[in-house]
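**Student:** Let's see this in three dimensions:
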Amino acid sequence: MVSTVILAYNRCSEVLLTIDKMKTLSATLPFEIEIVVVDNASIDDTSEKIKQVYPDIRLVTKAKNNGIAGWNAGFEVAKFPYFLVLDDDSNIETGLAEAITYLEAHPKVGILALNVTTGPYRTEQWGWKDGQDILGFFGCGAIIRKAVYERIGGFAEWLYVYAHEWEYGIRCLDAGYEIKYFEDSNVIHRANGIGRSFKRLRVFCTRNEMGIVYKYFGDNRWVILRRMWFNNLKHMADGAFLHTWYNIVGSIEFLKWRKTLPHTPVSKEVQDFFAANYDNTRPFFHNINKKLSRSLKKNRLSAI
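**Tutor:** Residues are numbered from 1 along each chain as shown. Below you'll find the predicted structure:
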C-alpha cells in the first residue's frame, strides 16, 4: 500500500535509525509497507551499512549526487500507490494509517502534507488548518500519490536543493490535483546538521523561489519578482543583516541563472493561488501588516 522513499546522504546513523523506526511502525499497520532508500552518492559507508543491517530493503545507490532529484530514483522503483517521502533524519510516528484512509476517500488529493512537529521548520509556523488547500509541503514528511508522479514526473533536477516542495506543488496543482494538510499526524524531524548551513539555505531558497516564479508565472512575473525582492529585504528591519545579505546573494545568483530556465507558465488560476498564499509573493504591505499583527498579539500574550 505505501512505499516509504528515503533520500540519504552522508548520515549513515540517521538513516539506519529512520529505517528501524519505519520497520517498527509497519508492524502496527493494517497494510504493507516497503522501504526504499536512495543513497545519493554518499562518501561514508551508508550503502554498506544498510546492506549489512537491513538486507531486505530496496536500496538504490547512486554514482552521482543530484540533490533533491535523487528521490526520483526511489519513486521509479517504488511499487505501491502511495509514496511516503522522508529525509534520512525524519520519521512518521503516528497518523499514517489515517492519512492513507483520507487519501483513499479523496482521489483528487495528489499530495498530503503531514504535520512536522519538531525541527527548525514545523508546519505550525505556516498556520495551516486541517484539510486546508495549500501550495506545497515539507520534504521531510509528505505523501505523494503515485499517479501524480506518473503524470508530472519527479522532483526538478534544476533546483538541486531547497524549495523543491513548492515547485512540485505548482506542477501538481496545474495538473488538476489538490494539496491538503493533514494535521492528525506526527512527523519527527531530527534535523541533523551535517550538510546544512544557514548560508546555503538562504542563498538557495532565495534563488530557487525566484526561479520558480520566473519559470511558471506569465506576463506579470517581473511584478511578482520585484515583490519578492522587497519582501526579502524586510529582515533588515529586524536587524537580521546576515539574513538579508544572503537573500541579496541569492537574488544575484538568480539573475545569472534565469536564462537557463525555459518559460513554461502554469494556469492563471494556479499563478493567482500561489501569489496570494506564498509569503514572499504577497504584496509587501500585506506582509508588514501581518508581521505587525503577530508582534502585537505576542506582546498582548506576554502581558497576560
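
**Student:** pLDDT score assigned to L296?
**Tutor:** Note on L296: pLDDT of 36.

**Student:** going forward, begin numbering at 18 instead of 1
**Tutor:** Renumbered: residue one is now 18, and that last one reads L313.

**Student:** CA atoms only: put the lengthiest strand in the chain into CSV for me.
**Tutor:** With secondary structure taken from DSSP state E, the chain has its longest strand at strand 195-206. The C-alpha coordinates for strand 195-206 follow below in CSV (Å, rounded to 0.1, in the frame of the first residue of the first chain):
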residue,chain,number,x,y,z
GLU,A,195,-5.2,19.2,-4.8
ILE,A,196,-2.7,19.5,-2.0
LYS,A,197,-4.1,19.2,1.5
TYR,A,198,-2.7,19.5,5.0
PHE,A,199,-3.3,16.5,7.3
GLU,A,200,-3.0,17.6,10.9
ASP,A,201,-3.7,14.3,12.6
SER,A,202,-0.2,13.0,12.0
ASN,A,203,3.2,13.4,13.7
VAL,A,204,6.5,13.6,11.8
ILE,A,205,9.6,13.9,13.8
HIS,A,206,12.4,15.7,12.0
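
**Student:** Assign a three-state SS to E226, would you?
**Tutor:** Using DSSP: H, G, I helix; E, B strand; the rest coil, the three-state assignment for E226 comes out as helix.

**Student:** how about the nearest residue to it, chain neighbours excluded?
**Tutor:** By the measure of C-beta to C-beta, 6 or more residues apart in numbering, the closest residue to E226 outside its immediate chain neighbours is A180, 5.3 Å from it. Any C-beta I mention is one placed from the backbone N, CA and C, and that applies to glycine too.

**Student:** Just list what the longest strand of the chain packs against, helices and strands only.
**Tutor:** strand 107-111, helix 113-122, strand 126-133, helix 181-191 (3 or more C-beta pairs under 8 Å, 6 or more residues apart in numbering; DSSP states H and E).

**Student:** buried residues in that strand?
**Tutor:** Neighbour counts over strand 195-206 (16 or more other C-beta atoms under 10 Å) mark 196-200, 202-206 as buried.

**Student:** And for stretch 85-104?
**Tutor:** Across stretch 85-104, burial judged by 16+ other C-beta under 10 Å covers 85-92, 95, 97, 99-104.
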